[in-house]
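Enquirer: below is the sequence, then the predicted model.
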Amino acid sequence: MINKKNSRLIWISWLLIMPLLFYYAHLISPLEHIERSSFLIIICLFLIVANMPIQINDATFSFILGVSILVFLSYGLFAELLISQLAYAILYIRVSIPKKTLYRMPLNSIMFALCSVGSALLYNLVGGVNEPSGTKEMLSSLIPILVYTLASFWINQIVIYFVTVYLYKRDVKIINREFKWDLFISLLMYPIGISLYLMLETKGYITLFYIAIYYIILMIILNSLSSALNMNKYLKQTMKISQKMTQRMEEDDVIDEFFDQLTTLIPVSYGTLFLVENSQLKLKRHFINKVDEKNFSSPNFNLFEGSISEKVFNDKKEYIFTRRSQWFTNDHKKYMEAESLLSIPIIKNNQVIGVLSIASDQKNAYKRYQVVMIEILALYLAIAIENARFYLETKTKSETDSLTGLYNFQYLEAKIKNEFARLKTFEIKTVSLLLIDLDHFKRVNDHYGHQAGNEVLIEVAQRIKNVVNQNGLVARFGGEEFSVLLVNHSENETYSIAEEIRTNLENIPFFVTNHMTNEEQQVQLTITASIGAAVAPFVASEPTDLIRCSDRAMYSDAKNAGRNKVALYTK
């Protein structure tokens, strides 16, 4: 993409340069005594070649240069320049270039015109003649025709290089894979152009008619073969992408990996993913692929109602559009710059579990065989998301206490080790641990039943979380014991939080059900706790030392001092 100033400059340059080039071409080789039938067939052949390139895998080639050689040798520079510009103009109209890249039309027009004029100049400089006839003239023209061919190639490469570096501001090497391929095609066109000219001279225009038919058949066969090869390549890449998605354990990471990898296969400028949650479609990701960055988001605003995604979900079939006018409505403002759109249902076990919509700034961006590949990828995505959710559920169960919903001791122990690692690298200043033991908790179970005891534990867990809030991690240490892990808290701050927890438990009564009677009456209880606290690195240098110091403070200083107290361990 270029700015409007440069785009305007390109159009002005085109308006100034093209008339001069056509005038010069007319001066040195005006159109004279042409045979209309042959000329019209050559024009048709040029149009066919320009508009129907042959594709094999990622490589594209056509016989444009070969036909250009034919036209130049038969009718001169003006005819070649006129026909080539006409062919490319029709090509641009057919592909419908988006408005924001419309500057490419005059830019390419100037480039091809420079190739035509520059090649003709060098051809004449090395002694080439127009309409060579007879064996002697034809042999003497072989070198000039080769110069014409190589000049066209080099002018094209040099112009592309300068446009890329100075206009698009991108670093690129002149000699790369595309350079070598273009050179090979140019050298291949050298004998083809000569052969076309000789056939026209000896057999007449009917030969070109058969060549055009042959080219169309060849193009259809090779492009069909290319589609099959591309499908095979895409399927292999699909397998690699599915493996990468399954390596991700977080749902958001799976979705981001999917969109990130999808952009390596097909042009994707925008994308949305809706998934069914609680019997409703929920927007899981809104993706924007810009030139310099990729943006992943989960917006809260509604992108479903009135969209293609809603239609796909209801109709349970995919929709593919090649240009903006086929699908755009006011409800599609999320695809403001898009042209092509593909929206497919994600189906598993005959149920639509989501809708994937992708859009591209390019017209005709998505082929039918690519739809099959994307459907396969979308199914892999659904499976990967399901695996990620199962992993999260399993991980959550392994890390949390089923009764209170707090983290369990295993998670707490691992977290303490992680924080000590950060402490040793000076990422944090302190690590504090509170151990909270409920006083005389056995009496609750004995008098009111274990279910009442569970109600107390659940309420205690909630109160501790409310006090700590986002300042620390709350875990169930075991039985009636709880713990709080704090980072970057001083000894005074640690003690204050412990004291706030203790007073909250003591001063606010608990209401539980008496499960030891048939009436199951509500009873009011007063629950107190003894709390031990320790702060590293002041009293502990290892995770086990910190736990031991907190435990000592709780039992030796808080419990033995009469319970319902906070004790801070000191050396």
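Expert: Nice, thanks for sending it over.
Enquirer: so where's the stretch 301-450 of the chain shaky on pLDDT?
Expert: Residues of the stretch 301-450 of the chain meeting the criterion pLDDT under 70: 301-306, 329-336.
Enquirer: just the CA coordinates for stretch 402-415, please, in CSV.
Expert: Extracted in CSV, the C-alpha atoms of stretch 402-415 (Å, rounded to 0.1, in the frame of the first residue of the first chain):
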residue,chain,number,x,y,z
SER,A,402,-13.7,-29.3,45.5
LEU,A,403,-15.5,-28.1,48.6
THR,A,404,-14.4,-24.5,48.9
GLY,A,405,-13.2,-23.8,45.3
LEU,A,406,-9.9,-22.5,46.7
TYR,A,407,-6.5,-23.7,45.4
ASN,A,408,-5.3,-26.8,47.1
PHE,A,409,-2.0,-27.5,48.9
GLN,A,410,-0.3,-28.9,45.8
TYR,A,411,-0.9,-25.7,43.9
LEU,A,412,0.1,-23.6,46.8
GLU,A,413,3.4,-25.5,47.3
ALA,A,414,4.3,-25.1,43.6
LYS,A,415,3.4,-21.4,43.7
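Enquirer: low pLDDT regions in the stretch 51-200 of the chain?
Expert: Judged by pLDDT under 70, the stretches of the stretch 51-200 of the chain that qualify are 51-61, 93-99, 134.
Enquirer: that one: helices as residue ranges?
Expert: For the stretch 51-200 of the chain, the helices defined by DSSP state H, counting those that start in this stretch cover 64-75, 77-95, 104-125, 134-140, 142-162, 177-203.
Enquirer: show me what the third one is packed against.
Expert: In terms of contacts (3 or more Cβ pairs under 8 Å, 6 or more residues apart in numbering; DSSP states H and E), helix 104-125 is packed against helix 4-28, helix 64-75, helix 77-95, helix 142-162. To be clear about C-beta, it is placed using only N, CA and C from the backbone, and glycine gets the same treatment.
Enquirer: what's the single longest helix in the chain?
Expert: In the chain, assigned by DSSP state H, the helix with the most residues is helix 205-247.
Enquirer: quick one: mean pLDDT over that one.
Expert: Across helix 205-247, the average pLDDT comes to 76.
Enquirer: return the most buried member of the helices and strands packed on helix 104-125.
Expert: Highest mean neighbour count among those (mean count of other Cβ atoms under 10 Å): helix 64-75, with a mean of 25.
Enquirer: quick one: distance of it to the chain centre.
Expert: The gap between where helix 64-75 is centred and where its chain is centred comes out at 43 Å by Cα atoms, centre = their mean, to the nearest Å.
Enquirer: and the helices and strands packed on helix 104-125: which comes nearest L546?
Expert: Proximity to L546 (Cβ to Cβ) singles out helix 4-28 among the helices and strands packed on helix 104-125, at 63.5 Å.
Enquirer: run the angle between the closest one and helix 77-95 for me.
Expert: Computed with axes from the mean of the first three to the mean of the last three Cα atoms, to 10 degrees, the direction of helix 4-28 lies at 150 degrees from that of helix 77-95.
Enquirer: L200 against F39, yeah?
Expert: No - counting by Cβ atoms under 8 Å, L200 does not reach F39; the two are 10.7 Å apart.
Enquirer: more crowded one of those two?
Expert: Taking neighbours as other Cβ atoms under 10 Å, L200 and F39 compare with L200 leading, 21 against 17.
Enquirer: how about that one, what does it touch?
Expert: By Cβ atoms under 8 Å, 6 or more residues apart in numbering, L200 lies in contact with S38, I42, L70, S74, T207, L208.
Enquirer: so how many other residues sit close to the closest residue to I308 other than its chain neighbours?
Expert: Distances taken as Cβ to Cβ, 6 or more residues apart in numbering put S343 closest to I308, at 4.5 Å, once the chain neighbours are dropped. Applying other Cβ under 10 Å, we find 24 residues neighbouring S343.
Enquirer: start the count at 38, not 1, going forward
Expert: Sure thing, new numbering starts at 38, so read that last one as S380.
Enquirer: now S380, what's its secondary structure?
Expert: strand (DSSP: H, G, I helix; E, B strand; the rest coil).
Enquirer: what do you get for N351?
Expert: helix.
Enquirer: can you tell me the closest non-neighbouring residue to I357?
Expert: Per Cβ to Cβ, 6+ apart, closest to I357 is L379, 5.0 Å.
Enquirer: great, nothing more from me.
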